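K.L.:
model this:
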Amino acid sequence: MHRTHGLRLLLGLTAVGLLSAWFNLTTGTVTLNLFDTLRQPHSLDAQILWQLRLPRMANAFVTGALLGVAGTLMQVLLRNPLADPYILGISGGASTGALLAMMAGAGGLALQGGAFSGALLSILLVFSLAHGHGSWDTTRLLLTGVVLAAGWGALISLLLAISPDTQLQGMLFWLMGDLSFAQSPWLGGLVLLLLTPIVLTVAPALNLLAGGEHQAASLGVAVTRLRILIYLLASLATASAVTQAGNIGFIGLIAPHLLRLTGARDHRLLLPAVLLLGGSLLSVADALSRLIIAPQQLPVGVLTALLGVPLFLFLLYRARWLQRD
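P.N.:
Next up is the predicted model:
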């Protein structure tokens, strides 16, 4: 993609991000006028804006951005355009940790700590088991992640079966993805700030790796070390996102593919673009989740799945016709 077109894409996505933030802040059970609210800093609307809407919008944007970046990295790592951030079982570990914290009566930061601890445990298990005593390759990594994800799924089912009825609804909402559990956005924001310059630095190497391992190695890329780095970065982004908001599916799949349809395949452009688009998509989905059955709220993961499933099927159908051609 030409540099001018790339700049236009990023500027357009920045505008989309600002519009999604405005939509998120003004939409809900109480409709806010931002200009009037800002002129009345001591009003009830101002308290709703600063104490409820703004932190939640920030969490939605950061979580969506992390999922978009993680999905892009996973697709390069596994060389599979339909890979998503949850494919290696990290979300299962986070979910197990969060459910155990809920059963213990914990909430807030303790709940997030349980989710993050479970995600880190899953990362370490997948990495150590995939490495083993032999060579570390993507096929072994994928198989290890899939098996571990199945194990986490069985444990989650057990925890749901034995949990008290009073806690069951909260557990199910968390598993479906729910930003009402999110606390301060600073942890996820800090992770995003740390990841962004790193992934942009390795973006040229990602372009080479996407073209094939042998080609990348012949051009001087340390393929094994790059794979490990991609896995760690994608895992950290996924763990942070799941810790913030639970299991929110399809953002990490939708955002990269929508951008590739526009011709954005260079990772030097794709990664910052997917950060903006992933955050914008989740911000809009979160606003709609508060609006559709107001005053009640839908888990935001339900809406992202409703968007993601038909797109996933479209991508499969499109890939089938491309193979025929």
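K.L.:
The nearest residue to residue 141 once chain neighbours are set aside: which element?
P.N.:
Ranked by Cβ to Cβ, 6 or more residues apart in numbering and with sequence neighbours excluded, the top spatial neighbour of residue 141 is residue 130, at 4.3 Å. Any C-beta I mention is one placed from the backbone N, CA and C, and that applies to glycine too. Taking DSSP states H and E as the criterion, the element that holds residue 130 is helix 109-131.
K.L.:
Past that helix, which element shows up next along the chain?
P.N.:
The first helix or strand that comes after helix 109-131 along the chain, using DSSP H and E, is helix 138-162.
K.L.:
returning to what we had before: just the buried residues of the helix holding residue 130, please?
P.N.:
111-112, 114-123, 125-127, 130 (16 or more other Cβ atoms under 10 Å).
K.L.:
other SSEs contacting it?
P.N.:
Helices and strands touching helix 109-131, by 3 or more Cβ pairs under 8 Å, 6 or more residues apart in numbering; DSSP states H and E, are helix 90-103, helix 138-162, helix 223-245.
K.L.:
In TSV: the ones you listed, plus mean pLDDT.
P.N.:
Listed next are those as TSV, based on pLDDT from 0 to 100:
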stretch	mean pLDDT
helix 90-103	88
helix 138-162	89
helix 223-245	88
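K.L.:
Mind checking those helices for the one nearest to residue 15?
P.N.:
Smallest distance to residue 15 across these (Cβ to Cβ): 23.9 Å, for helix 223-245.
K.L.:
and the helices and strands packed on helix 109-131, which is most packed in?
P.N.:
helix 90-103 (a mean of 25; mean count of other Cβ atoms under 10 Å).
K.L.:
Can you report phi and psi for residue 86?
P.N.:
Residue 86 adopts backbone torsions of phi -100, psi 0, taken as degrees, to the nearest 10.
K.L.:
no, scratch that, I was asking about residue 266
P.N.:
Recorded main-chain torsions at residue 266 are phi -70, psi 120, according to degrees, to the nearest 10.
K.L.:
if I look at it, how far off is residue 214?
P.N.:
From residue 266 across to residue 214, the span is 21 Å (Cβ to Cβ, to the nearest Å).
K.L.:
And the residue nearest the centre of the chain, what's its pLDDT?
P.N.:
Nearest residue to the geometric centre of the chain (Cα atoms, centre = their mean): residue 67, 1.9 Å. Looking at residue 67, its pLDDT stands at 94.
K.L.:
Which strands and helices lie in contact with the helix or strand harbouring it?
P.N.:
Element membership for residue 67 (DSSP H and E) is helix 54-78. Helix 54-78 is packed against helix 3-26, helix 138-162, helix 186-201, helix 203-210, helix 223-245, helix 251-261, helix 267-291, with contacts defined by 3+ Cβ pairs under 8 Å, 6+ apart.
K.L.:
The helix or strand following the second one vs helix 90-103, what angle?
P.N.:
For helix 138-162, the succeeding helix or strand toward the C-terminus, using DSSP H and E, is helix 165-176. Between the axes of helix 165-176 and helix 90-103, defined by axes from the mean of the first three to the mean of the last three Cα atoms, to 10 degrees, the angle is 160 degrees.
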